[in-house]
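> Would you be able to build a 3D model of this:
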Amino acid sequence: MEHEDGMEINEPGRIEWGERIRRERERRGWSQSEAVKEFRRTTREQHKVKLASEESLLRSWKMWEAGGGIRQDNKRYLATLFSTVSGALFPPARRIELLPSGEVPELLQQLQYSSVDNSALQGVLLTVEKLCTEYAYTPAEQLLTEGRAWLARLVQLIQQPMTLTQRREVQVQAGWLALLVSCVQYDTGNARTAEITRRHALSLGSEAGHAGIQGWAHEISAWQALTSGNYRGVLTAAQAGAAAAGNHGVSVQLAAQEAKAFARMGDEKSALEALDRGRRMLEPMEYPTNIGNHFVVDPSKYDFYAMDVYRHLRSDDGAAEQLAHEVLAAGTDWDGTERSIMRNAEARITLGTVAARRGDIDGAVEWGVKAISADRMSLPSLLMVARDLDVAIKQTAPDAPQAVEYAERLRDLGGRS
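Take a look at the predicted model:
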């Protein structure tokens with residue numbers, strides 16, 4: 001809630017963002033006074049805004065680290081200082097759920113037994129939203145079976161008599177489903193079929209004139225190129241996607257894929273520039289209603305992108321380590337249930353990689369084994385980052401028994417692809 005002067009008051013117990021401000025400051029080795037100086041300088045240079053005196057801001061800073069009130073504009077300025085976005089630094093106190101808790105069987109049956117009407121289309125929309133939200137944790141084979149069945153049903157539905165508006169809506173929902181099915185097919189190692197489905201999604205998006213679906217179709221192409229080591233292909237796909245997507249949220253993820261590719265090419269300057277370009281696009285976007293939807297770029301995902309880039313650049317292991325902890329915190333409920341199993345696995349790989357570089361082979365292997373033992377995984381992505389850890393372990397202690405154990409587990413995982 002807010003005071004009349006626009007100052008937001010923290011709800012009881014919500015000190016998480018205050019703790020993160022402290023962690024960000026301490027990682028950079030700043031005292032609170034030094035942080036205030038940097039805050040004023042960065043805000044003046046990046047936002048062309050002159051802030052209050054250092055003495056006044058220091059009092060505010062201490063209050064912020066304690067989880068006290070902070071104005072909306074200062075949230076943006078702090079996010080810039082720490083190279084993140086305000087939605088990640090200051091997530092909403094409560095998650096907003098879009099999907100109903102109950103089932104919608106009556107609506108779904110209309111697709112089989114009656115003509116297309118608005119209630120039937122609402123059933124389609126809810127079902128597609130539900131499936132895209134389940135991507136993060138539902139077993140791949142189950143999601144693939146449901147996704148393909150619904151995609152086939154929607155393709156048939158397009159052939160039925162309906163208005164132009166209804167037809168476009170069905171094409172759009174079929175496009176989202178095709179994107180989802182393509183992702184899961186690639187997750188399970190079926191790259192050839194995934195590419196066919198991706199092209200089908202691109203076609204549906206083009207027919208419907210939907211920039212987001214077209215952008216995500218190119219993003220999947222960039223992801224496939226990244227995990228197969230074709231880094232130039234990542235840049236080509238990302239640029240094509242950006243041209244198609246315009247201001248759609250997928251543009252942020254396309255910039256992130258560019259950043260990941262540049263990092264693996266050893267081009268640190270271009271990687272950080274692409275990462276910052278994505279940050280600038282994401283900052284003004286409205287916070288998503290359903291952050292669980294796989295095809296929504298929620299602010300906390302920016303930390304996930306940055307974590308990957310910093311882990312690979314090796315220029316700031318402290319940043320990679322802290323961001324990995326932030327990713328784990330964002331992807332885990334208060335009771336320990338993991339909402340973002342695949343993101344969490346990559347965060348653990350990052351923590352293992354940093355541990356290996358510091359000589360902690362036991363810790364590195366422990367993180368790595370837990371990551372590659374996840375119940376839900378994207379096999380190509382997990383193999384890509386898990387091999388980063390393998391390289392780090394071998395560079396530090398190539399003959400250690402733990403290194404051999406991890407390499408064997410990784411070979412077993414690779415045998416599934």
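> If you count contacts, what does the strand or helix carrying Ala88 end up packed against?
Counting by DSSP states H and E, the element that carries Ala88 is helix 86-89. Here helix 86-89 touches helix 16-27, helix 72-81, helix 300-313, going by 3 or more Cβ pairs under 8 Å, 6 or more residues apart in numbering; DSSP states H and E. To be clear about C-beta, it is placed using only N, CA and C from the backbone, and glycine gets the same treatment.
> Skip ahead from the lowest-mean-pLDDT helix or strand in the chain and say which helix or strand is next.
Least confident helix or strand of the chain, by mean pLDDT, DSSP states H and E, is helix 105-113 with a mean of 44. Using DSSP H and E, the helix or strand that follows helix 105-113 in sequence is helix 118-133.
> And that next one, what's buried?
Going by neighbour count (16 or more other Cβ atoms under 10 Å), the buried part of helix 118-133 is Ala120, Leu121, Gly123, Val124, Leu126, Thr127, Val128, Glu129, Lys130, Leu131, Cys132, Thr133.
> With stretch 372-387 instead?
For stretch 372-387, by 16+ other Cβ under 10 Å, it's 372, 374, 376-386.
> Now do stretch 204-218: distance to the chain's middle.
Centroid separation between stretch 204-218 and its chain, computed with Cα atoms, centre = their mean, to the nearest Å, is 20 Å.
> Ends of that stretch, what's the gap?
13 Å (Cα to Cα, to the nearest Å).
> returning to what we had before: quick one: mark the members of the buried residues of stretch 372-387 that sit in helices.
Ile372, Leu379, Pro380, Ser381, Leu382, Leu383, Met384, Val385, Ala386 (DSSP state H).
> now the buried residues of helix 118-133 as a markdown table including distance to Gly363?
Shown next, in a markdown table, are the buried residues of helix 118-133 (distance: Cβ to Cβ, whole Å):
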| residue | distance to Gly363 |
| --- | --- |
| Ala120 | 54 |
| Leu121 | 52 |
| Gly123 | 49 |
| Val124 | 48 |
| Leu126 | 44 |
| Thr127 | 43 |
| Val128 | 42 |
| Glu129 | 40 |
| Lys130 | 38 |
| Leu131 | 37 |
| Cys132 | 36 |
| Thr133 | 34 |
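> Can you tell me which of those is nearest Glu54?
Glu54 has its nearest neighbour among those in Thr133, at 45.7 Å by Cβ to Cβ.
> Let me see the contact set for that closest one.
By Cβ atoms under 8 Å, 6 or more residues apart in numbering, the contact set of Thr133 is Leu99, Asn290, Gly292, Asn293, His294.
> which residues sit against the helix holding Ala88?
17, 20-21, 75-76, 78-79, 82, 282-283, 287, 298-300, 302-303, 326, 330.
> Just the buried subset of these, please.
17, 20-21, 75-76, 78-79, 82, 282-283, 298-300, 302-303, 326, 330.
> returning to that earlier point: what is the most widely separated pair among the buried residues of stretch 372-387?
Checking the buried residues of stretch 372-387 with Cβ to Cβ, the most distant pair is Arg376 and Met384, at 16.6 Å.
> Assess the claim that His166 and Leu121 are in contact.
Residue 166: Gln, not His. Yes: assessed by Cβ atoms under 8 Å, Gln166 is found in contact with Leu121 at 6.3 Å.
> thinking again about what came up before, give me the ChimeraX select line for the contacts of Thr133, limited to the buried ones.
Here is the ChimeraX command that selects the buried residues among those (16+ other Cβ under 10 Å):
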select :290,292,293,294
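> Quickly name whichever of the contacts of Thr133 is closest to Glu258.
Nearest member of the contacts of Thr133 to Glu258, counting by Cβ to Cβ, is His294, at 19.8 Å.
> Flag the shaky bits of this structure, pLDDT-wise.
1-15, 93-116, 416-417 (pLDDT under 70).
> residue closest to the middle of it?
Lys301 (3.3 Å; Cα atoms, centre = their mean).
> Would you mind measuring from it to Phe295?
11 Å (Cβ to Cβ, to the nearest Å).
> my guess is Glu207 meets Val170, correct?
No: using Cβ under 8 Å, Glu207 makes no contact with Val170, being 10.8 Å away.
> Same drill for the two, tell me which one is more crowded.
More crowded of Glu207 and Val170, by other Cβ atoms under 10 Å: Val170, with 25 against 16.
> returning to that earlier point: is it possible to get a markdown table of the helices and strands packed on helix 86-89 that adds distance to Gly249?
What follows is the helices and strands packed on helix 86-89, written out as a markdown table (distance: least, Cβ to Cβ, whole Å):
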| stretch | distance to Gly249 |
| --- | --- |
| helix 16-27 | 22 |
| helix 72-81 | 17 |
| helix 300-313 | 10 |
